[in-house]
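Trainee: sequence and predicted structure below; questions after.
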Amino acid sequence: MEKRKLGNTGIDVSVICLGTMTWGEQNTEAEAHSQLDHALERGVNFIDTAELYPVPPMEETRGRTESIIGTWLKRTGRRDRVVLASKVSGPGEWVNYIRGGPRLDRTQMTDALDDSLRRLNTDYLDLYQVHWPARPTNFFGNLGYTHEEDPDATPIEETLEALDEFVRQGKVRHVGVSNETPWGVMEYLRLARERDWPRMVSIQNPYNLLNRSFEVGLAEMAIREHVGLMAYSPMGFGVLSGKYLDSTPANARITLFPRFARYSNAHGVEATRAYVELARAHGLSPAQMALAFVNSRPFLTSTIIGATSMAQLEEDIESAELVLGDEVLEAIETIHTRHPNPCP
């Protein structure tokens, strides 16, 4: 398994990162443990989770995913073999069941981190990420930006100061952002430089064949500033496998949870069909082609995969060995030109 540097740190992480957000909802604890065992055997050393998980987020299941990872770590004693990442929730009415309304301030973040560490059965995280910004901005599928001031939003300065304290305490080794914008990342970097606070080493944003908006603004930042992309939804909630094109598969994520239809609009379906036909014309698995494209990007640190079955997990991991030829890459660009970012 190829390893890449996590930002400007000395940590090497696998190009495939094991995502966990289905564990505790679509996957049982035993299934999750089997996925962890298999992923490590195949060379994956990077695990990503969040206090919010599993998804869809609900009060009665929050934290269950971290607890499942925690029981695996306790049973196997493999903490030193994995790079473990988690995330603290930002504000939003849809998550007001978290600490009475989560805020990215020192008090709430301290409580969030301590709870995550307890559930995970560890005394430190290799990477602690801000799941989404406190300020109103364009994320979670919004490309257009309408400026809106929120006097109650926790300033980035306060959030980063809290993260600095966690690093100094030894509870966190490195810090990252998620669902951020170019301005947000550069503001974190500016404050880190001026205050001698920890520098963001990663950004976890969506990136796939149906949504390449990261390439506008953030890609250059990721390369020049060594804040590499941890790509989530690399298969667009599974649609790029082609399984939703002509059927409604039972127990699949979008079948069970129709709210996750972000990559299923008419333009997205048309583009997906073109990518699936391209893959099959070249004797490739559509899922592996989609993942291999993401893996090949120069601004990428790691591609976060999520699987509900061992067969899916194995297919996704094998994408790390696939190198797309020039003919396929050129055809991908042709389709992208015809269907640019149909599902932001």
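Mentor: Structure's in. What do you need?

Trainee: leaving out the residues flanking it, which one is nearest to Tyr188?
Mentor: Closest residue in space to Tyr188, ignoring its immediate chain neighbours: Met200 at 4.9 Å, by Cβ to Cβ, 6 or more residues apart in numbering. C-beta coordinates here come from the backbone N, C-alpha and C atoms, glycine included.

Trainee: now do the contacts for Leu104.
Mentor: Going by Cβ atoms under 8 Å, 6 or more residues apart in numbering, Leu104 touches Val88, Gly90, Pro91, Val130, Ala134, Thr154, Glu158, Thr159, Ala162.

Trainee: the strands in the stretch 101-250 of the chain, which residues?
Mentor: Applying DSSP state E, counting those that start in this stretch to the stretch 101-250 of the chain gives strands spanning 125-130, 172-178, 200-206, 228-232.

Trainee: minimum distance to Leu313: which of these has it?
Mentor: Among the strands of the stretch 101-250 of the chain, strand 228-232 comes nearest to Leu313, with 16.2 Å by Cβ to Cβ.

Trainee: C-alpha coordinates for the closest one, CSV please?
Mentor: The C-alpha coordinates for strand 228-232 follow below in CSV (Å, rounded to 0.1, in the frame of the first residue of the first chain):
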residue,chain,number,x,y,z
GLY,A,228,-3.2,17.7,1.7
LEU,A,229,-6.7,16.6,0.8
MET,A,230,-8.4,13.7,2.6
ALA,A,231,-11.1,13.1,0.0
TYR,A,232,-14.5,12.1,1.3
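
Trainee: count the neighbours of Ser213 for me.
Mentor: As a burial measure, Ser213 scores 18 neighbours (other Cβ atoms under 10 Å).

Trainee: so what's it up against?
Mentor: If you count contacts by Cβ under 8 Å, 6+ apart, then Ser213 has Leu143, Pro206, Asn341, Pro344 around it.

Trainee: let's see that with 7 Å instead.
Mentor: Ser213 is in contact with Leu143, Asn341, Pro344, counting by Cβ atoms under 7 Å, 6 or more residues apart in numbering.

Trainee: what do you get for Pro56?
Mentor: Contact analysis of Pro56 by Cβ under 7 Å, 6+ apart lists Phe257, Arg259.

Trainee: element containing it, please.
Mentor: Pro56 belongs to no helix or strand when elements are defined using DSSP states H and E.

Trainee: would you check how far apart it and Asn96 are?
Mentor: 15 Å (Cβ to Cβ, to the nearest Å).

Trainee: what about dumping the CA coordinates of the lowest-mean-pLDDT helix or strand in the chain to PDB?
Mentor: The helix or strand with the lowest mean pLDDT-type score in the chain, counting by mean pLDDT, DSSP states H and E, is helix 253-256 (a mean of 74). The C-alpha coordinates for helix 253-256 follow below in PDB (Å, rounded to 0.1, in the frame of the first residue of the first chain):
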ATOM      1  CA  ARG A 253     -27.200   3.800   1.500                       C
ATOM      2  CA  ILE A 254     -29.400   5.900  -0.700                       C
ATOM      3  CA  THR A 255     -32.100   3.300  -0.700                       C
ATOM      4  CA  LEU A 256     -32.200   3.300   3.100                       C
END
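
Trainee: could the strands of the stretch 101-250 of the chain go into TSV alongside mean pLDDT and distance to Ile304?
Mentor: What follows is these, written out as TSV (pLDDT from 0 to 100; distance: least, Cβ to Cβ, whole Å):
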stretch	mean pLDDT	distance to Ile304
strand 125-130	98	12
strand 172-178	98	11
strand 200-206	98	7
strand 228-232	98	5
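
Trainee: could I get the contacting residues of the residue with the shortest distance to the centre of the chain?
Mentor: Taking Cα atoms, centre = their mean, the centroid of the chain lies closest to Tyr232, which sits 3.7 Å from it. By Cβ under 7 Å, 6+ apart, the contact set of Tyr232 is Gln204, Pro206, Ile304.

Trainee: same check on Thr272?
Mentor: Thr272 makes contact with Leu210, Val239, Leu240, Gly242, Leu245, according to Cβ under 7 Å, 6+ apart.

Trainee: nice, that's everything, thank you.
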